[in-house]
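[1] Here's a sequence, model it:
(chains A and B)
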There are 2 protein chains.
Amino acid sequence: MRLTINSPFDAHLHLREGDMLKTTTRFATRMFAGAVVMPNLSKPIDTFEAMERYKAQIQELSRDFEPIVALFLNEKTEEEIKRHGDRAFTVKLYPRGVTTNSAGGAVSLDEYGALFGLMEERGDALLVHGETDGEVLLREGEFAPIYERLAKTYPKLKIVMEHISTEVLANLLDRHKNLYATITLHHLLFTLDDLLGGRLNPHLFCKPIVKTAADRAALRRLAFSAHEKTMFGSDSAPHYRGCKERAGAAAGVFSAPVLLPELTRLFMEHSSAGCLRRFVGQNAKRIYNLNLPHKTVTIEDAPQTVENECDGVVPMLFGKRLAYRVAAD
Amino acid sequence: MRLTINSPFDAHLHLREGDMLKTTTRFATRMFAGAVVMPNLSKPIDTFEAMERYKAQIQELSRDFEPIVALFLNEKTEEEIKRHGDRAFTVKLYPRGVTTNSAGGAVSLDEYGALFGLMEERGDALLVHGETDGEVLLREGEFAPIYERLAKTYPKLKIVMEHISTEVLANLLDRHKNLYATITLHHLLFTLDDLLGGRLNPHLFCKPIVKTAADRAALRRLAFSAHEKTMFGSDSAPHYRGCKERAGAAAGVFSAPVLLPELTRLFMEHSSAGCLRRFVGQNAKRIYNLNLPHKTVTIEDAPQTVENECDGVVPMLFGKRLAYRVAAD
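    Here you go, the predicted model:
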């Protein structure tokens, strides 16, 4: 079996910075023709210049790869968009403190009314990490009314609910025309039981955390039908081993090395291979009006064993044998 | 403020074996006049002789401390009880595979009918780790019907629901006369948010896992009123640092170094200091008909900082400043 995907796209990716950027771009360039790249670096990417600089860094290390670097939403964003008005922007909203490097995130959405109105007019996209500061199992569901208010107040604003992990948000998707969603591989594969039902696996610890079997089933229904408002977004988010295997481990799953092989297996096993291309690229190209470099990636059913460590980072499914792999060019 | 407790008792304690036994008995003997000691060693304590040997080991390392070693329930238990019929026994039931060293635990309760009938006649106590192999958040609640069936089938058997962690079991306590419960300090203090709501703390990872705020509130209602069918049982369960700060971390919280100081603070803060003595000893003495050595432990409001490591084990609340401490003799 060989499955060929034209210009696969990852709609939510962390490439990080420094030495780690070399590792992450290597995997990204091997499997994808582009990605929406997250701006939560140690110094968040919150200006046009920083965005261009980061994009150039990524392009220098990658090949046939289009990085759509999102702007970190803060008090500078409105001015930046006005100053570079001819560009399309994706803007990432982090509620303050909910995940890695989000200390400078938004406290209240009310102060951003003018920005959202401007983005709505222009056709920019607002990408949202939708969690409150509530109880860990409830904080995504508690964000639903905030999504609804945004969707109603700015009915033409393209709002992307990032890495949805609950049935609550899966069910919200069709209630507002301007709501979209990204879904990760790990939320399609795992539940809390995989994280801590037996022994504790810090390499599956992420935000939003993996949830119940019912939540996973709701996400699977969307993904396996390649629901037209969903996009694959890996949220691959590496941290070095020492930051994961410790007291106070950082949140993030490094899924980059296994994405397309495992997506292929999963979709094959659920008789949904016909929907895979829409889920990992075609939907995103339509939703974001993307013009991606031509890149053909072939997945073949030949086994591989996942490395225990990639440049100091422990990948998801480390040491496990996978049924599929990316075929050599 | 000084609070004196006569012969405090820990109704659920892991003392482990080998070098670790020295560490655990040091803390136990400092704070308690006795404990129900769990039998899930690398070779489970499942005979009278093994029990006596383990008890002697503990007594050699402790002082004024009565270890009630529970028998690990398996196919040998009935014969052992018959052979040593003059002794009172506590028997610990582990469903197979639910926690540390439980691979030899029970598969089906139906095969133990004769044993439970015998224990009922004799007045022995059945201590139960009540979790199914279901989803991690539901497995304790799913055990409720099993508790109910046991309680109805053997109406005079003293059944102790160990380390209860959910509102479901808290609400079950008063529905059957012969159901009792132990409650840990960590389930009174923490929820899933403390384990993984921010960063991930493997030192709060345990079975049953800490749950929601509503679950904790239900346990607090029982403990802070020293409900007559509840007993404090720490379930202090040390693992060396290397077994906790890794991929595939072992379950267990080492709370032994902080138990009485933190219980005192918690009960004081909830205006329940008057109930503390019943919760940490008097209830257990009545329920188990204990005859404990005389030991007076005084807690005083003088700050202390919890060690980062005790003989290779990271204690609960490591590095934290506590308001109370055990006063010197």
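[2] tally of neighbours for A:Arg149?
    A:Arg149 has 11 neighbours, counted by other CB atoms under 10 Å in any protein chain shown. The way it works is simple: take the backbone N, C-alpha and C, and place the C-beta from them, glycine included.
[3] Where does it sit: helix, strand or coil?
    Look at A:Arg149: counting by DSSP: H, G, I helix; E, B strand; the rest coil, its state is helix.
[4] Flag every buried residue along stretch A:42-55.
    Residues A:Pro44, A:Ile45, A:Asp46, A:Thr47, A:Phe48, A:Ala50, A:Met51, A:Tyr54, A:Lys55 are the ones in stretch A:42-55 that count as buried (16 or more other CB atoms under 10 Å in any protein chain shown).
[5] who's in contact with that stretch?
    A:17, A:37, A:39, A:41, A:67, A:69-74, A:76-77, A:80, A:83-84, A:87, A:101, A:104 (CB atoms under 8 Å, 6 or more residues apart in numbering or on different chains).
[6] And that stretch, end to end?
    Using CA to CA, to the nearest Å, the end-to-end distance of stretch A:42-55 comes to 16 Å.
[7] What of stretch A:22-41?
    Start-to-end span of stretch A:22-41 (CA to CA) is 15 Å.
[8] Stretch A:207-218 now?
    18 Å.
[9] now stretch A:34-43
    Terminal-residue distance, stretch A:34-43 (CA to CA): 23 Å.
[10] For that stretch, what is the distance to the chain centroid?
    Relative to the centre of its chain, stretch A:34-43 is centred 10 Å away, using CA atoms, centre = their mean, to the nearest Å.
[11] Can you give me the buried ones in that stretch?
    Applying 16+ other CB under 10 Å to stretch A:34-43 flags A:Gly34, A:Ala35, A:Val36, A:Val37, A:Met38, A:Pro39, A:Asn40, A:Leu41 as buried.
[12] Quick check: A:Arg286 vs A:His203, distance?
    Using CB to CB, to the nearest Å, A:Arg286 is found at 34 Å from A:His203.
[13] Between those two, which has more neighbouring residues?
    Each of A:Arg286 and A:His203 has its neighbours counted (other CB under 10 Å); A:His203 has more, 24 against 13.
[14] Hmm, that one is touching B:Ala249, no?
    No - here A:His203 does not reach B:Ala249: they are 10.9 Å apart, not a contact under CB atoms under 8 Å.
[15] Which of the buried residues of stretch A:42-55 fall in helices?
    Using DSSP state H, A:Phe48, A:Ala50, A:Met51, A:Tyr54, A:Lys55 are the members of those that sit in helices.
[16] Of those, just say which sits nearest to chain B.
    Distance to chain B, by CB to the nearest CB, is smallest for A:Tyr54 among these, at 26.0 Å.
[17] Could you report the neighbour count for the residue lying closest to A:Pro315 once chain neighbours are set aside?
    Leaving aside its sequence neighbours, A:Pro315 sits nearest to A:Pro257 (CB to CB, 6 or more residues apart in numbering or on different chains; 4.5 Å). Using other CB under 10 Å, A:Pro257 has 25 other residues around it.
[18] and A:Pro257, what does it touch?
    A:Phe27, A:Val306, A:Glu307, A:Cys310, A:Pro315, A:Met316.
[19] Surely the first one is in contact with A:Ala256?
    Yes - using CB under 8 Å, A:Phe27 and A:Ala256 qualify as a contacting pair, with a distance of 3.9 Å.
[20] tell me, what's touching these two both at once?
    With CB under 8 Å, 6+ apart as the test, A:Phe27 and A:Ala256 both reach A:Ser236.
[21] Looking at these two, which has the bigger crowd around it?
    Neighbour count, other CB under 10 Å: between A:Phe27 and A:Ala256, A:Ala256 has more, with 28 against 23.
[22] What residues does chain A have near chain B?
    Within chain A, the positions adjacent to chain B are A:135-137, A:191-193, A:195-197, A:199-203, A:205, A:209, A:212-213, A:244-251, A:314, A:318 by CB under 8 Å from any CB of the partner chain.
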